[in-house]
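>>> With the sequence up front, the predicted model follows.
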Amino acid sequence: MAKAQRERVVRMSVEQPLWRALTGYRVLTMLYAVGLFVVTRDEFERPWVAVSYLSVMALWTLVTLPKVANAANCTKRFLGIDLTVALVGILLTPLANFQAQLIDGPTLPTIWAAGSVLAYAIKGGWRWAAFASSLVAAANLVERGTPSRDTLHNVLLVWIASIAIGYVVEVARASERTLARALEIEAATRERERLARDIHDSVLQVLAMVQRRGTAIGGEAAELGRMAGEQEVALRTLVSSGLVPTSRASEDALLGAVVRSVEVDERVEHTGPVDLRSLLAPHAGARVSFAEPGAPVPLEPAAALELAAAVSAALDNVRKHAGEGAQAWILVEDEPNEVIVTVRDDGPGIPEGRLAQAEGEGRMGVALSIRGRLRELGGSAELLSVPGQGTEVELKVPRGKVKR
C-alpha cells in the first residue's frame, strides 16, 4: 500500500474582508461625489474645475481598484499618491465653488477622501491612520478658512474613526499570529501522535519481541535482546517526550497568517467508501472469532484504515498481555449514525492503575494506537477490564465526521 505526501495550506486573514469593504467604499463614494456635483452643478462658478478634478478622481479610483485588494498590492507609493489626490480635491473646492466656504458645503471629493485615510489605517495601523487623517483634517481647515462646528465635528470623527480602525487591524494581526501558532502546535501534536502510533505498531513491537525471544534463548541472543530492550526504552522516551520533527510551519504573510502542512496520505487507492469487513476479516483465525453484519459496512478510506489499525493494536495487546492461548472476539455493529467495533478477550484482565502506570513508563499503546486513532476520527475508545474476567475495548466512529 503506497503512501503519498500531500500539502495542505490553511490561510487565515481577518483583515481581508476590510480590503474588500474598502474597495466597495471607494467606488460608492466616487459615484456619490460625481452624482452630488451633477445635482448641484448650477451652484459652481467654475464647473470646469470640478469636472476636471472629478474626472481624474473617478479614473484614478477605477484604475487603482486592484491596489486596494490586499495589503501586498497597497504600496506606500500608491498610498502617497492617493492621499495627494484627496488633499488636492479638498483644496480645489473654493476655486470651483466660491460659496463653499460661506455655506459650509461639501468638498469636491466629499467622503471619498476618507477612503484614503482608511487605506492607511488598514495597511499600517493606527499610527499611519493618525498621520493621514491629520493631513486631511488640516486640508479641510485650510479650505474652510473659518471652520464651523460641523467642520470640526466631521474632522474629529474621521480622525478618531480611522485611528480606531487602525488599532483594530493591529489587534487582528496579532490574533492571527497567535492563532497560527496555536494551529501549528496542534498540527505538530497530531503529527507526533501519528508517528508514535506507527512506531508503536512496528518498530517498538519488533524490539519488544526481540528482547523477549533473546532472553528466552539465552547466550549471545540474550545480549542482543538486552540491547533491543535498551533501544526500545530510548525510542519510547523519544516518542513520549515529543522530540519528533514536524513538517509544519507557520508564517505571517501579507495576505494573512498561513499554516502549511505536509501529511502522509494513508488512504488506499479508493475513491469511494471502503467495506470495513474486508479490513477486519484477515484477523479471524483459530483464536480470533469475527462477527460481522450481513451487509457491507461502508466507511471513508481514512476512517476505515484507522479503525482497522486500532483493532489490530487491540489484538496485539491481547496476544501480548492475555497470553498466546487467550481467545478474542471481534464484533462489528453498523448503526445509522456510527460504526461500533468491539474487541473482547478472555484473558486475566488489566489490573487497576496499570494503564496509567504504562503511560508513565512511556508505553503508549492504548493511549496512542487505540484512543489516539479514534480521537483523530472524532470517535471514542472505551476500555472495560475486570481482573480475572478479560478485557473489552469498544471503538466508536461517527459517520461523516472524520476529522483530518
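Noted; the coordinates are in hand.
>>> for residue 338, what are its contacts?
Applying C-beta atoms under 8 Å, 6 or more residues apart in numbering, we find residue 338 in contact with 379, 396, 397, 398, 399. Bear in mind the C-beta positions are built from the backbone N, C-alpha and C, glycine included.
>>> Switch these over to TSV; also include distance to residue 347.
Shown next, in TSV, are the contacts of residue 338 (distance: C-beta to C-beta, whole Å):
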residue	distance to residue 347
379	25
396	23
397	25
398	30
399	32
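>>> among these, which are in strands?
When DSSP state E is applied, these are split such that 396, 397, 398 fall in strands.
>>> okay, those residues in a markdown table with neighbour count next?
As requested, the ones in strands among the contacts of residue 338 are exported to a markdown table (neighbours: other C-beta atoms under 10 Å):
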| residue | neighbour count |
| --- | --- |
| 396 | 20 |
| 397 | 25 |
| 398 | 16 |
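>>> could you dump those to TSV with pLDDT and distance to residue 218?
Shown next, in TSV, are the ones in strands among the contacts of residue 338 (pLDDT from 0 to 100; distance: C-beta to C-beta, whole Å):
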residue	pLDDT	distance to residue 218
396	90	45
397	90	45
398	89	50
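>>> Please identify which of those residues is nearest to residue 272.
Checking the ones in strands among the contacts of residue 338 against residue 272 with C-beta to C-beta, the nearest one is residue 397 at 17.1 Å.
>>> In contact with the closest one, which residues?
By C-beta under 8 Å, 6+ apart, the contact list for residue 397 reads 299, 303, 307, 338, 339, 341, 374, 377, 378, 379.
>>> Restricted to strands, list these.
Using DSSP E, the contacts of residue 397 in strands are 299, 338, 339, 341.
>>> separation between the residue lying closest to the first one once chain neighbours are set aside and residue 376?
The reference is to residue 299. Counting by C-beta to C-beta, 6 or more residues apart in numbering, residue 299 lies nearest to residue 276, which is 5.3 Å off, once chain neighbours are set aside. Distance of residue 276 to residue 376, given as C-beta to C-beta, to the nearest Å: 16 Å.
>>> Where do the strands of the stretch 251-400 of the chain begin and end?
Counting by DSSP state E, counting those that start in this stretch, one finds strands in the stretch 251-400 of the chain at the ranges 256-265, 274-275, 288-291, 298-299, 328-334, 338-345, 380-385, 391-398.
>>> for the record, mean pLDDT for the fourth one?
Over the span of strand 298-299, the pLDDT mean works out to 88.
>>> Paired strands for it, with orientation please.
Looking at strand 298-299 with DSSP bridges, its partner strands are strand 274-275 (antiparallel).
>>> Need the residues that contact the strand it pairs with.
268, 296, 297, 298, 299, 300, 301, 304, 305.
>>> let's see 7 Å
Contacts to strand 274-275, defined as C-beta atoms under 7 Å, 6 or more residues apart in numbering, come from residues 268, 296, 297, 298, 299, 301, 304.
>>> Which secondary structure elements does the helix or strand harbouring residue 187 sit against?
With elements taken from DSSP states H and E, the one containing residue 187 is helix 149-199. If you count contacts as 3 or more C-beta pairs under 7 Å, 6 or more residues apart in numbering; DSSP states H and E, helix 149-199 packs onto strand 4-12, helix 113-124, helix 126-144, helix 220-241, strand 249-253, strand 256-265.
>>> Sort out which residues of the third one are buried, please.
Of the residues in helix 126-144, those with enough neighbours to count as buried (16 or more other C-beta atoms under 10 Å) are 126, 128-130, 132-133, 135-137, 139-140, 143-144.
>>> Double-check residue 289 against residue 332; I have them as touching.
No: between residue 289 and residue 332 there is no contact under C-beta atoms under 7 Å: 11.8 Å.
>>> ok so, going back, okay, the buried residues of helix 126-144 in TSV with distance to residue 318 and pLDDT next?
What follows is these, written out as TSV (distance: C-beta to C-beta, whole Å; pLDDT from 0 to 100):
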residue	distance to residue 318	pLDDT
126	64	87
128	66	90
129	66	87
130	70	89
132	71	89
133	72	87
135	77	90
136	76	88
137	78	87
139	82	86
140	81	83
143	86	79
144	87	76
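>>> ok, those vs residue 216, which is closest?
Distances from residue 216 to the buried residues of helix 126-144, taken by C-beta to C-beta, are shortest for residue 126, at 73.1 Å.
>>> now that we have the ones in strands among the contacts of residue 397, which one has the most neighbours?
Using other C-beta atoms under 10 Å as the neighbour test, these are led by residue 341, with 26 neighbours.
>>> Helix, strand, or coil at the residue lying farthest from the centre of the chain?
Distance from the centre of the chain peaks at residue 45, with 58.3 Å (C-alpha atoms, centre = their mean). Here residue 45 is recorded as coil under DSSP: H, G, I helix; E, B strand; the rest coil.
>>> Tell me the predicted confidence for it.
On the pLDDT scale, residue 45 is placed at 83.
>>> got a list of what it touches?
By C-beta under 7 Å, 6+ apart, the contact list for residue 45 reads 97, 98.
>>> can we see that at 10 Å?
Going by C-beta atoms under 10 Å, 6 or more residues apart in numbering, residue 45 touches 95, 96, 97, 98, 99, 100.
>>> pull the CA atoms of stretch 388-404 into PDB?
Extracted in PDB, the C-alpha atoms of stretch 388-404 (Å, rounded to 0.1, in the frame of the first residue of the first chain):
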ATOM      1  CA  GLY A 388      -9.900 -12.400  36.000                       C
ATOM      2  CA  GLN A 389     -12.700 -11.700  33.500                       C
ATOM      3  CA  GLY A 390     -11.000 -10.400  30.500                       C
ATOM      4  CA  THR A 391     -10.900  -7.100  28.700                       C
ATOM      5  CA  GLU A 392     -13.300  -5.400  26.300                       C
ATOM      6  CA  VAL A 393     -12.400  -2.500  24.000                       C
ATOM      7  CA  GLU A 394     -15.300  -0.600  22.400                       C
ATOM      8  CA  LEU A 395     -14.400   1.600  19.400                       C
ATOM      9  CA  LYS A 396     -17.000   4.000  18.000                       C
ATOM     10  CA  VAL A 397     -16.600   6.100  14.800                       C
ATOM     11  CA  PRO A 398     -19.300   8.600  13.700                       C
ATOM     12  CA  ARG A 399     -20.300   8.600  10.100                       C
ATOM     13  CA  GLY A 400     -19.500  11.700   8.100                       C
ATOM     14  CA  LYS A 401     -17.500  13.400  10.900                       C
ATOM     15  CA  VAL A 402     -14.000  12.300  10.100                       C
ATOM     16  CA  LYS A 403     -11.500  15.000  11.300                       C
ATOM     17  CA  ARG A 404      -8.400  15.100   9.100                       C
END
